[in-house]
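K.L.:
Kindly generate the corresponding structure for this input.
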Amino acid sequence: MASPKSSQPEPTALKELALLFLRLGTTAFGGPAAHIAMMEDEVVRRRQWLTRDEFVDLLGAANLIPGPNSTELAIHIGHRRGGWPGLVVAGVCFILPAFLIVGTIAWAYARFGSLPRVDALLYGVKAVIIAVVLQALWGLLRSVVKTRLAAGVGVASVTAAFLGVDELLLLLLAGLAVLLWRAGERSRRRPPGPPLAPEQVPARAATREAPPASPGGGGSTTAALLPLWPVPVTGALATAVPFSLSGLFLFFLKVGSVLYGSGYVLLAFLRSDLVERYGWLTEAQLLDAVAVGQVTPGPVFTTATFIGYVLGGASGAVLATVGIFLPAFVFVALSGPLVPRLRRSWVAGAFLDGVNVASLALMAVVTWQLGRAALVDAWTVGLATVSAVLLIRFRVNSAWLVLGGGAVGMLLGAR
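P.N.:
As a prediction, this is how the structure comes out:
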């Protein structure tokens, strides 16, 4: 495997990354949970580029930074496989197919004023996605939930997620819970030393001087984790302004820099600014844009592509897409090299273990919600069951299963 630090990754590694993420960007329907499941199938089970533990660490790191989690995971994988060029190749190739598909739909929408119907296609695809996500989730849970502590944090995280606790707060609480538990265990295991004579007490302790920061991985928790937290971009568009391409770019740059959470959080951002504050979009246009982002393959954030085209044509589509995804590349470039270093510190490693458990808990809750919406009759239940058998028993590639599910859905819808 090419080292992330290598400035000259093997051309074959970059070619493999490009082909894989172009295919995933074309076939990865179903939102971030489905994207993560398909990436796990490809890079852990089939290609063995990463171990499950490494994969989950990158997933946890992606959850700690703003932006589209599945896209950031793709960028992390590219960095691990192909260094800095791989970081760019994987991210761009995962985004590009969705950009082209959404851009084409936006062109048709601007020309004809309506969206194409894709109900039958998604009827079959969603059922297959459930099988793909459950298979990946089971494998990841077996890798992460190995102790009673992890199981307890996982159950608590699932309960909190169902109760509507904020996703970022949930990640932080889970990380702190594991960290505090491990710290307590270490203090209980540490044998008590003999009392020191007064002349043996270090001057630093007597004067309560703060210890210097350690340059290694086992130093301050805050110092180890601070690089994962970006400084929000604020004030880019604080007041109402006439539409302009530069304003469109700055707005989506701000959104990509500060947005945590699901597509519903993105909808709230877009509605409050583009509809209510600036008046650039109507409610109907916004709902159509979000629908396109949800039903097309690849990142949900390509909603920005649709909005950019509707507002500013092809130039607007490009600028909006670059604006919303650019922060993800920057944040991964800053945080990616830190993940192995975090593992070498028991403090940061314990925190990351808790974040990993909470990340999978959130994925499990999303899968439950997707399942309730996707498995609506005997046909969809049967399609999900057959897909699970083909995936687990015969190791059929998940991308082919998704395409097959779409074809079945179209056939059933044509009856």
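
K.L.:
contacts, neighbours, all on C-alpha from now
P.N.:
Fine.

K.L.:
per-residue confidence at A33?
P.N.:
For A33, the pLDDT comes out at 87.

K.L.:
no, scratch that, I was asking about P192
P.N.:
pLDDT, P192: 61.

K.L.:
elements contacting the helix ranked longest in the chain?
P.N.:
Ranked by number of residues, the top helix in the chain under DSSP state H is helix 69-112. Judged by 3 or more Cα pairs under 8 Å, 6 or more residues apart in numbering; DSSP states H and E, helix 69-112 is in contact with helix 11-27, helix 32-40, helix 52-63, helix 303-335.

K.L.:
the inter-axis angle of the helix or strand containing G406 versus helix 11-27?
P.N.:
In this assignment (DSSP states H and E), G406 forms part of helix 398-413. Angle, helix 398-413 to helix 11-27, by axes from the mean of the first three to the mean of the last three Cα atoms, to 10 degrees: 20 degrees.

K.L.:
Going along the chain, name the helices of the stretch 201-350 of the chain.
P.N.:
203-207, 221-225, 245-258, 263-270, 283-295, 303-335, 338-344, 346-374 (DSSP state H, counting those that start in this stretch).

K.L.:
Least confident of those, on average?
P.N.:
helix 221-225 (a mean of 37).

K.L.:
which regions of the stretch 1-150 of the chain sit below the pLDDT cut-off?
P.N.:
Confidence mapping of the stretch 1-150 of the chain against pLDDT under 70 gives the ranges 1-9.

K.L.:
80 - rerun?
P.N.:
By pLDDT under 80, the low-scoring segments of the stretch 1-150 of the chain are 1-11, 113-119, 121-122.

K.L.:
mind checking which of the helices of the stretch 201-350 of the chain is nearest A33?
P.N.:
helix 346-374 (6.0 Å; Cα to Cα).

K.L.:
Show me which residues of the closest one are buried.
P.N.:
346-367, 370-371, 374 (16 or more other Cα atoms under 10 Å).

K.L.:
Show me what the helix or strand following it is packed against.
P.N.:
Scanning forward in sequence from helix 346-374 by DSSP H and E, the next helix or strand is helix 378-392. Judged by 3+ Cα pairs under 8 Å, 6+ apart, the packing partners of helix 378-392 are helix 119-144, helix 398-413.

K.L.:
Show me what counts as buried in the shortest one.
P.N.:
By neighbour count with 16+ other Cα under 10 Å, helix 398-413 contains the buried residues S398, A399, L401, V402, L403, G404, G405, G406, A407, V408, G409, M410.

K.L.:
now stretch 119-131
P.N.:
Buried, per 16+ other Cα under 10 Å, within stretch 119-131: A120, L121, L122, Y123, G124, V125, K126, A127, V128, I129, I130, A131.

K.L.:
what residues are up against the fourth one?
P.N.:
Applying Cα atoms under 8 Å, 6 or more residues apart in numbering, we find Y123 in contact with A374, T380, G406, G409.

K.L.:
try it again with 7 Å
P.N.:
For Y123, the contacting residues are G409, by Cα atoms under 7 Å, 6 or more residues apart in numbering.

K.L.:
Next, count neighbours for the closest residue to W49 other than its chain neighbours.
P.N.:
Nearest residue to W49, sequence neighbours excluded (Cα to Cα, 6 or more residues apart in numbering): V43, at 5.3 Å. If you count neighbours by other Cα atoms under 10 Å, V43 ends up with 18.

K.L.:
V43 contacts E54, correct?
P.N.:
No - counting by Cα atoms under 7 Å, V43 stays clear of E54, with 10.7 Å between them.

K.L.:
what residue is smack in the middle of this structure?
P.N.:
N69 (1.5 Å; Cα atoms, centre = their mean).

K.L.:
what's the closest non-adjacent residue to that residue?
P.N.:
A62 (5.5 Å).

K.L.:
do you know how far the one you found is from A333?
P.N.:
Note on A62: its distance to A333, by Cα to Cα, to the nearest Å, is 11 Å.

K.L.:
F306 now?
P.N.:
Distance of F306 to A333, computed by Cα to Cα: 27 Å.

K.L.:
The two: who's more crowded?
P.N.:
F306 (35 against 18).

K.L.:
Let me know the helix or strand that V165 is in.
P.N.:
Using DSSP H and E, V165 falls outside every helix and strand.
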